[in-house]
Structure formats: structure tokens, C-alpha cells
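Undergrad: sequence and predicted structure below; questions after.
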Amino acid sequence: MNMIKLLLLVLSLALTPYLFFSGNAHSENVVKQHLDKHPLANTQLGDPGWVFDAAKADPRYPDMVEWAKAGVRGGIPFRDASTIVKTISPGTDNIQGAIDQVKNGGVIILKSGTYTLNSPVYFKSNIILRGETGNPNDVVININFRQTWEGWASKRYGLVMHDVKNAFGIEDVTLFYLVPNLEPKDNTGYSDKWVQGVMNNDVDRDDLYVGLIKMSGTTSDSWVDNCRLLESGTDPILTEKTTTHLTFRDNFVDRAYNKGGRGNAYFDMRGQYILVTGNTIKRIRHLAIEMGAKYVVVTNNYIEVDVNFHQGDLGHNLVENNTIRVPEWHRADANHNNWKVFATGNSRQHQPASSENMLYKNITDLRGEGAKYSDPNVVYAVLKYSIGAYSEKPPIHGTFYAIKKE
């Protein structure tokens, strides 16, 4: 990384967590409104102790029982609940070597500083990778390898969890795709106009098809918590359809190089019983719920991309109590207007969305035109290739995500 870009990265990581959006007063206001309006904003969803609240059950909506099961079973362990088995430092140890040396699981602490990955890191079960201070700005993992496009399966990822079970977590770190002398093409302001090149692939070079985190195979009961996922080559996160019981909580996801077609730059949820909560997601292509997704719960997030039921989900997913604002420039081209607050694929290229995907009580804005699909007295649903009203009889107690602390 050249010195100018390094200084910019350090400066951006040092900013207070709520000054993410463009640095102007309007953006800060939007974040404050999000925090103030959502009833679960100041709770730690995904912690141990949350269970289904039978007192809030509504027999018209039996999926409420299943949505309460989303995320890591038993919750993300508290930070002091697991044994530290190894501590490593930048420059003297490497992450893959530390993982390989741990035989019976535990926490690997990363001392503050910058680590560089020149190839993917493969994880195994029962290991938690954690930054030492709790502040993700203090531990930066630079992903520094390349991949050209040779079809969808050719994409590579910095951190790979395949067939990982029984508590694997990434906590309190920054992941950054390191491309010296180049940055993703995108806009910063919410009202900025579309410009050529933002939603393209092969941005100035064709070897940046590297994502940040991939969960595949039978991976279950794993999480990414309080991390920063910055400037991915393609998908910041991919979960394949055979994964279950994952939690993505309190992460800041921003920017990607390849935001064009062919399925790139997705926060990509394909598994089952996944909880996505407390995240900020912006300047990528889509938050996608697709290709096998079922009982995915997206709640209490701040999102500046469309939520897209893109292709062949299995239905029964929930998007509730989020702030979703689609910027003016978030278009495939200058005349493209199909990525609404909620979107689908199209019948020429994609399989239809399945049934019983519920959209409820989201605070929204579409390119400055005002709220879409946000009437709190209406439950909206995905209707194959469109979005429409499902019912004017919302759940009895005003939420589908009916949980309580034991």
C-alpha cells in the first residue's frame, strides 16, 4: 500500500463508529434516527439467553417459531466465556499457522497491528479469532492476493470456513482487500448521481475477484461479530446453501471493486436459520437472500443497498425493523430503476422468489423519493418477481421476531 492510501485507511478506521456514512450532518442524523426508532437497537441480539416469546405468538403466522431460532444456537458466547489458547503478533506469527497449531479449540488473540494474507486462510471447528482490544480498528487483516474471473466458482476468499462446526467466530477485527494505488469506484453522497463505472466488473483490472469471508459445506453455529469488512474484491460475505445457524452482528460493510453482474459484491445469504442484525451495509451491489435461503432473519440493520430476493430462495425469510435507504446512484446504468428498497431477479435470468417471505416495519427511502413498503399496518411479501401487500392484519403484538431474555 502506498503511503497516501495507508494514511487514508488509518484515518478512516480511526473515525468514531457512527460517522460512517459520508461525514455530513444529514448522514449522522439518519443514523441517530435509526438508533432511536428501532426497539431492539440497544439490545445485544444474538447473545446467549434469547428464546422464543410464546406470549407474542400469532397463530396466523406459524413461521414466528422458526424465526426465533435464527442465528448461532445458544447465542454468540460472551467474550469471557472461552479460554485463550494462543496469542499472536503481526510480523512474527501468521494466522494460518496459529490455527493449525491449536488442537482442541479456544480463542486465538491477535495483538494490535496489521497482518497480511498472501493466500486464503482455512479455519477449523471450535476456534475463535479475536482482536485483542475489542476495537476492530486496532487489528487490520490485509488480504493481498489476486484472482481472475474464470466463472463464478473461480472466486476466492480471504477467510474460508468449510465444514466448520461447534462455535467458530471472527471478532473485533478489520478485513481489508489490499490493492495498492487503486480504490473501488463509487460515490459517497446519498443523493449523488449515477456515474459510469460504479456498477461494473473488471474495474481497471480483471484480477480482483477475491471476497473477504466464505462459509460453505456443513458450516454451522459460526459468526462474524463487531468487524469491519472493507473494499472487498467481490462478495464481502458468502454463505452457501448448506450452512445453518450463523450470526452476522454489528459489522460495518463498505465498498467493493467488482459490483457488476455475474453475481458479485453481494452480502450473500443462502443458508438457513441465519441472523443478520446490527450491521451497516453500503456501497456493494445487493444484500441478497437467495439460492436456498430459508428462515433468514434480517433485523435492526442500517442498509444503503437494496434487499434482493435474487434467485430461488426457499421462502419463509423475514426482513423487519431495518432502516433501508437506496441511494440515487445505486443503479446498474443511468436509466435503471429496478432496484427498489426490496427487489427480485427477473424472469429472463433468475428463478422466482419463493413464498412466505415477510417484510414488515422497515423505515425506508428510495433515491430520495420517500418511503416504499413501509406502512406499519401492512405486511408486505415477495410475490415471485414483485413486491406487494400480503396482509393488512400485522402480527398481534407488532413483531414477527418474537423473542425474550430467559
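TA: Looks like it came in fine.
Undergrad: helix or strand: which one has residue 182?
TA: Assigned by DSSP states H and E, residue 182 falls within no helix or strand.
Undergrad: isn't it right up against residue 204?
TA: Yes - counting by CB atoms under 8 Å, residue 204 is a contact partner of residue 182 at 6.2 Å. Any C-beta I mention is one placed from the backbone N, CA and C, and that applies to glycine too.
Undergrad: pull up the overlap in contacts between those two.
TA: Listed as contacting both residue 182 and residue 204 by CB atoms under 8 Å, 6 or more residues apart in numbering is no residue at all.
Undergrad: so where do the strands sit in the stretch 201-350 of the chain?
TA: 210-216, 220-225, 228-232, 237-239, 244-249, 252-256, 266-269, 272-277, 280-289, 297-299, 302-309, 318-320, 323-326, 342-344 (DSSP state E, counting those that start in this stretch).
Undergrad: what comes into contact with the last one?
TA: Read that as strand 342-344. Under CB under 8 Å, 6+ apart, the answer for strand 342-344 is 286, 306-310, 319, 324, 350, 352-353, 359, 372-373, 380, 382, 384-387.
Undergrad: what's the pLDDT at residue 364?
TA: Residue 364 carries a pLDDT value of 98.
Undergrad: do the one 5 residues further on as well
TA: If you check residue 369, the pLDDT there is 93.
Undergrad: equivalent analysis for residue 4, please.
TA: At residue 4, the pLDDT value in this model is 39.
Undergrad: likewise residue 114?
TA: On pLDDT, residue 114 comes in at 97.
Undergrad: go ahead and flag the most central residue of this structure.
TA: Central residue of the chain (CA atoms, centre = their mean): residue 267, 4.8 Å from the mean position.
Undergrad: narrow the contacts of strand 342-344 to those that are buried.
TA: By neighbour count, with 16 or more other CB atoms under 10 Å, the contacts of strand 342-344 hold 286, 306-310, 319, 324, 350, 352-353, 359, 372-373, 380, 382, 387 as buried.
Undergrad: residue 106 touches residue 77, doesn't it?
TA: No - here residue 106 lies out of contact with residue 77, judged by CB under 8 Å, at a distance of 11.4 Å.
Undergrad: what are the bridge partners for the residue nearest to the residue nearest to the centre of the chain when sequence neighbours are not counted, then?
TA: In this structure, residue 267 finds its nearest non-sequential neighbour in residue 287, 4.6 Å apart by CB to CB, 6 or more residues apart in numbering. Note on residue 287: beta-bridge partners by DSSP bridges are residue 267, residue 307.
Undergrad: make 13 the first number, not 1, from now on.
TA: Okay, using 13 as the starting number, the last item reads as residue 299.
Undergrad: contact partners for residue 299?
TA: 278-279, 281, 288, 293, 310, 315, 317-320.
Undergrad: how near is it to residue 223?
TA: Applying CB to CB, to the nearest Å, the value for residue 299 to residue 223 is 15 Å.
Undergrad: how about the helices of this structure, start to end?
TA: For the chain, the helices defined by DSSP state H cover 15-26, 37-49, 75-79, 107-113.
Undergrad: out of those helices, which gets the lowest mean score?
TA: helix 15-26 (a mean of 40).
Undergrad: ok, back up a step: thought residue 293 was touching the residue nearest to the centre of the chain, still the case?
TA: Yes - using CB under 8 Å, residue 279 is in contact with residue 293, at 5.5 Å.
Undergrad: who touches both of the two?
TA: By CB under 8 Å, 6+ apart, residue 279 and residue 293 have these common neighbours: 265, 299, 317.
Undergrad: distance to residue 174 and pLDDT for those - can I get that in CSV?
TA: Formatted as CSV, these follow (distance: CB to CB, whole Å; pLDDT from 0 to 100):
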residue, distance to residue 174, pLDDT
265, 22, 98
299, 23, 98
317, 27, 98
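Undergrad: ok, of the residues you listed, which one's closest to residue 201?
TA: Nearest to residue 201 among the shared contacts of residue 279 and residue 293, counting by CB to CB, is residue 317 at 15.2 Å.
Undergrad: check contacts around the closest one.
TA: By CB under 8 Å, 6+ apart, the contact list for residue 317 reads 279, 293-299, 338, 342, 351.
Undergrad: mind running it again at 6 Å?
TA: 296, 298-299 (CB atoms under 6 Å, 6 or more residues apart in numbering).
Undergrad: kindly report the same for residue 293.
TA: Residue 293 makes contact with 265, 279, 299, 315 under the criterion CB under 6 Å, 6+ apart.
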